[in-house]
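1. Got a sequence here, can you model it:
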Amino acid sequence: MLDSYDHKLLQLLQDDARQTHDALAEAVSLSPTAVTRRLKRLRSEGYIRREVALVDPALFGRTLRLVVNVMMQRAQAPVVDAFRAAMNAAPEVMECYNVTGRPDFVLMVLVRDMSDYERFARSHLMNNPHVREFESLVVINTSKYCTAVPQDAP
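-> From the prediction side, this is the model:
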């Protein structure tokens, strides 16, 4: 069960995970020891899965982002599992969702340019006999990108 201190700590860490335990303690009015104990519990209980750095893709030349809707020939478990594994292994795929509705999968793909995307599409989509069709949507601009999970505080 999370209390208001836990929720506040999680929100602060989602905004900036580099904050020291002392800074967090001051922000939530707890001792650094109490914050350390709470964070250890939040990690062990799975509320905090990972702590990562968000890197600017443009600094690595990856400026083309696409949303790709993929329709499979048949949504059989082995086919779906194999496609999911292939997308998990593809470094260009930033996110992979198995969804309901017309597409079977929605991919968020990040590449350098259209030639880079064509190589990805040929390798993973066009040459896959289980992919019936796919639709590529080029992202013009990103008005919101957020990794913070909304919380309902007690």
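2. Spatially central, which residue of this protein would that be?
-> When C-alpha atoms, centre = their mean is applied to the chain, the residue found nearest the centroid is residue 95 (5.5 Å).
3. Surely that residue touches residue 110?
-> No - here residue 95 does not reach residue 110: they are 9.4 Å apart, not a contact under C-beta atoms under 8 Å. Quick note: C-beta positions are derived from backbone N, CA and C, even for glycine.
4. that older thread, for the residue nearest to the centre of the chain, which three-state class applies?
-> Secondary structure assignment for residue 95 (DSSP: H, G, I helix; E, B strand; the rest coil): strand.
5. check contacts around it.
-> By C-beta atoms under 8 Å, 6 or more residues apart in numbering, residue 95 lies in contact with 107-108.
6. Kindly recompute the last result at 10 Å.
-> By C-beta atoms under 10 Å, 6 or more residues apart in numbering, residue 95 lies in contact with 67, 87, 106-110.
7. which residue sits closest to the residue lying farthest from the centre of the chain, ignoring its sequence neighbours?
-> What lies farthest from the middle of the chain is residue 31; by C-alpha atoms, centre = their mean that is 32.5 Å. Take residue 31 and drop its neighbours on the chain: the residue closest to it by C-beta to C-beta, 6 or more residues apart in numbering is residue 25, 5.8 Å away.
8. what's the spacing between the residue farthest from the centre of the chain and residue 8?
-> 15 Å (C-beta to C-beta, to the nearest Å).
9. in the protein, which spans are helices?
-> Taking DSSP state H as the criterion, the chain carries its helices at 4-15, 21-28, 32-44, 77-89, 114-121.
10. what about residue 107, how many neighbours?
-> 23 (other C-beta atoms under 10 Å).
11. repeat for residue 125
-> Counted with other C-beta under 10 Å, residue 125 comes out at 19.
12. isn't it right up against residue 92?
-> No - Residue 125 is beyond contact range of residue 92, at 11.2 Å (criterion: C-beta atoms under 10 Å).
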